[in-house]
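A.B. asks: no sequence for this one, just the structure:
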Ligand SMILES: NC(=O)C1=CN([C@@H]2O[C@H](COP(=O)(O)OP(=O)(O)OC[C@H]3O[C@@H](n4cnc5c(N)ncnc54)[C@H](O)[C@@H]3O)[C@@H](O)[C@H]2O)C=CC1
Ligand SMILES: O=C(O)C(=O)CO
């Protein structure tokens, strides 16, 4: 390993001589500072940029500079970018959540596209910085993009990508896991065992809720909400009630067909109902799972009043976004109703929990891991990279963001298109005919 110019803080380049074991293209550089010269930004920003941001570089001679604000699972996404003449820079800073200033430093004075994370604040400041650096594309490595000001991106002509579809089943499976964990008090029972408190089988020990024959309620029956509904209906023979702004015909057909199948086999058929209001779901369902997008119509959708509408022994699951639930009201409700249980993957002030939540035995809490399966996370990285690449290369936008499988086939080249650009219409981008 050769080290150069170590006297200058802003130019500490460490060349790795050995090829990376998994990346096809061998050249990796590590450095602790991006180029920040000639950048026009506020003084306060420059001051906070004084700290170098560490990065890892692949294919340093690539024509297009693509920055990823985090290391992402898998290597396919890096290879796909390198094969299309991109220099890939990955931020290796230890800090979990990068600030706007950190990202401005990463963008530097020449950047064609950025792959970012849902924890980052992609607003006017960052899109202005990206545009100044010649950037045309940003992609969240997430399907939800409530951290992105799409209007600001439109203003600077920057395409905004997201990663639908590849995480649908994985996220629905976690919602189903939380439903079961809450219904059968799995975390409480686990803690009891580990504390050495188990001294024999008892009729009353950790009695929970049977799901079979009960009603599952889904708020937001889009991709993930529908997949979750199918799992709960088919897996546990629950009846379905859902609320969405749109009718979910495919889901209704599925439950109807499954109900007929059960009936033909002499079993009690399952049923479905599309509720006219969210309150109808809250009143009737035994397990309620939240899967809407996060916007101003869904902020505090679950609040003191809506909680009061729910059954005293209901289960509430949230794998959408934290602010969909008024967490202070939820903590109070959990205190007042010990038989009411929740399973939470997301939190209002993520990464923090509201005071009191961590003490509630009737809450199961996990750290925003709903999409965390290996296949999904690698696929999300691939879709995010291809969103950015497609815009850089002038490819059209894929016609159906619900059908992204062709981009995920590791044994074939992906289509020449951006899989999912949320502001394609606003920017007037062409749509693929493939
Ligand atoms: N916890 C996690 O790790 C993950 C969280 N998510 C969250 O889940 C959300 C949904 O993802 P998808 O199912 O792929 O999106 P989607 O767009 O397919 O589904 C969202 C559904 O919410 C409905 N909706 C919108 N406003 C509503 C309202 N006011 N009331 C009721 N329904 C409403 C829409 O009509 C749509 O059917 C994402 O936007 C993201 O925030 C997604 C993946 C992983
Ligand atoms: O994709 C999203 O929206 C997430 O929350 C993480 O997968």
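C.D. replies: Nice, I can see it. This one's a predicted model, so the numbers in the text were calculated from it and none came from an experiment. Numbering: from 1, shown residues only. Ligands and ions are numbered 1, 2, ... in the order given.

A.B. asks: ok, the residue nearest to residue 208 when sequence neighbours are not counted - contacts?
C.D. replies: Using C-beta to C-beta, 6 or more residues apart in numbering and skipping residues adjacent in sequence, the residue nearest residue 208 is residue 184, 4.4 Å away. The way it works is simple: take the backbone N, C-alpha and C, and place the C-beta from them, glycine included. By C-beta atoms under 8 Å, 6 or more residues apart in numbering, the contact list for residue 184 reads 206, 208-209.

A.B. asks: can you go through these and name the buried ones?
C.D. replies: 208-209 (16 or more other C-beta atoms under 10 Å).

A.B. asks: helix or strand: which one has the residue nearest to the spatial centre of the chain?
C.D. replies: Against the mean C-alpha coordinate of the chain, by C-alpha atoms, centre = their mean, the closest residue is residue 142 at 4.0 Å. Per DSSP states H and E: residue 142 is located in neither a helix nor a strand.

A.B. asks: assign residue 225 to helix, strand or coil.
C.D. replies: Classification of residue 225 using DSSP: H, G, I helix; E, B strand; the rest coil returns helix.

A.B. asks: thought it was touching residue 216?
C.D. replies: No: in this structure, residue 225 is not within contact of residue 216 by C-beta atoms under 8 Å, at 10.6 Å.

A.B. asks: overlap in contacts, the two.
C.D. replies: Joint contacts of residue 225 and residue 216 (C-beta under 8 Å, 6+ apart) are residue 289.

A.B. asks: quick one: low-confidence parts of the chain?
C.D. replies: Residues of the chain meeting the criterion pLDDT under 70: 1-52.

A.B. asks: make it 80
C.D. replies: 1-52, 434 (pLDDT under 80).

A.B. asks: quick check: residues of the stretch 201-350 of the chain near ligand 1?
C.D. replies: 219-225, 243-246, 291-294, 297-298, 319-321, 345-346 (C-beta under 6 Å from any ligand atom).

A.B. asks: angles on the backbone of residue 57, please.
C.D. replies: phi -120, psi 130 (degrees, to the nearest 10).

A.B. asks: circling back to that earlier point, name the SS class of the closest residue to the residue nearest to the centre of the chain other than its chain neighbours, please.
C.D. replies: Spatial nearest neighbour of residue 142, chain neighbours left out: residue 118 (4.2 Å); criterion: C-beta to C-beta, 6+ apart. Classification of residue 118 using three-state DSSP returns coil.

A.B. asks: show me what contacts residue 118?
C.D. replies: 140-142, 144-145, 147.
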